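Visitor: Pasted the sequence and its predicted model underneath.
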Amino acid sequence: MTQDELKKAVGWAALKYVEPDSIVGVGTGSTVNHFIDALATIKANIEGAVSSSEASAARLKAAGIPVFDLNAVDSLSVYVDGADEINHHNEMIKGGGAALTREKIVAAVAKKFVCIVDESKQVDILGAFPLPVEVIPMARSYVARELVKLGGDPVYREGVITDNGNVILDVYNLKILDPKTLEKQINNIVGVVTVGLFAARGADTVLVGTQNGVVTKS
Ligand SMILES: O=C(CO)[C@H](O)[C@H](O)COP(=O)(O)O
């Protein structure tokens with residue numbers, strides 16, 4: 001199977017975590033796009049969705065699924081999203097699609113985070129994928145200097161403005177041995193909006209698309 005077929009398999013497998021009549025938290029990316037396609041087939045059985053990006057909101061609306069503002073929603077039973085890397089403790093690097101801040105917010109509200117990945121995303125140690133950091137534009141150079149002090153090589157993602165009007169620094173050459181501590185350290189730098197390390201709030205369930213089928217990990 002191709003990588004996209006593996007993504008499709010986990011996107012559809014995530015449907016079983018959607019509760020009837022609920023509002024579903026929806027992430028961003030090519031794997032989640034398959035989940036949205038699957039969700040469209042049961043749209044009569046759900047109330048709607050909260051989206052982590054303008055891109056997913058547009059896809060949800062095009063599929064006829066009502067999209068709610070998160071402020072209008074008290075709780076979400078499930079949040080379904082992909083990842084750029086995931087380790088064996090269900091800690092992740094996310095933000096390849098620049099949606100990390102809204103993803104972290106929607107994930108925080110949800111009772112259960114179901115992460116959907118193809119097997120190429122599984123790693124022993126996070127950091128081969130450059131770590132995205134969303135930054136207030138005027139703080140870009142300052143934050144970059146602070147990230148160098150933490151051992152990384154930040155690169156400005158040129159031409160990308162997030163849905164929140166900010167910029168992204170991608171931090172290369174990090175070997176992330178303690179994701180929870182690094183998440184706190186980077187979030188503490190003034191001017192950082194969010195780091196794309198999801199460790200304090202990792203995934204509760206991971207669906208991995210493999211050549212032998214979808215494997216579920218908790
Ligand atoms: O964090 C994300 C977007 O900000 C995505 O979940 C991540 O980039 C994975 O994307 P894809 O499913 O296209 O491989």
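Guide: Okay, I see it. Quantities reported herein were computed from a predicted structural model and do not represent experimental measurements. Residues are numbered from 1 along each chain as shown.

Visitor: Can you list the strands that the lengthiest strand in the chain pairs with?
Guide: As assigned by DSSP state E, the longest strand anywhere in the chain is strand 110-118. On the basis of DSSP bridges, the sheet neighbours of strand 110-118 come out as strand 76-81 (parallel), strand 205-210 (parallel).

Visitor: What's the first helix or strand after it?
Guide: Per DSSP states H and E, the first helix or strand lying C-terminal to strand 110-118 is strand 131-135.

Visitor: Now do the buried residues in stretch 41-50.
Guide: Using 16 or more other CB atoms under 10 Å as the burial criterion, the residues of stretch 41-50 that qualify are Ile46, Gly48, Ala49, Val50. C-beta here means a position set from N, CA and C on the backbone, and glycine is covered the same way.

Visitor: mind listing what Glu103 touches?
Guide: The contact partners of Glu103, by CB atoms under 8 Å, 6 or more residues apart in numbering, come to Gly27, Thr28, Ser52, Ser53, Asp81, Lys94, Gly95, Phe198.

Visitor: Give me the pLDDT value at Lys8.
Guide: Lys8 is assigned a pLDDT of 98 by the prediction.

Visitor: My guess is it contacts His34. True?
Guide: Yes: Lys8 is in contact with His34 according to CB atoms under 8 Å; the separation is 4.5 Å.

Visitor: on that earlier part again, and among the strands paired with strand 110-118, the most buried is which?
Guide: Burial of those is given as mean neighbour count (mean count of other CB atoms under 10 Å); strand 76-81 ranks first at a mean of 24.

Visitor: Report the rounded mean pLDDT for the next helix or strand after that strand.
Guide: Elements were assigned by DSSP H and E; along the chain past strand 76-81, the next helix or strand is strand 85-86. For strand 85-86, the mean pLDDT works out to 98.

Visitor: can you list contacts of strand 85-86?
Guide: Applying CB under 8 Å, 6+ apart, the set of residues contacting strand 85-86 is 92-93, 115, 117, 121-123, 126-129, 203, 206.

Visitor: buried subset of those?
Guide: For those, burial is judged from neighbour counts taken by 16+ other CB under 10 Å, and it is met by Met92, Ile93, Cys115, Val117, Lys121, Gln122, Val123, Leu126, Gly127, Phe129, Ala203, Val206.

Visitor: Close to the ligand: what parts of the protein are there?
Guide: Taking CB under 6 Å from any ligand atom as the measure of proximity, the chain contacts the ligand at 27-31, 81-84, 94-100, 103.
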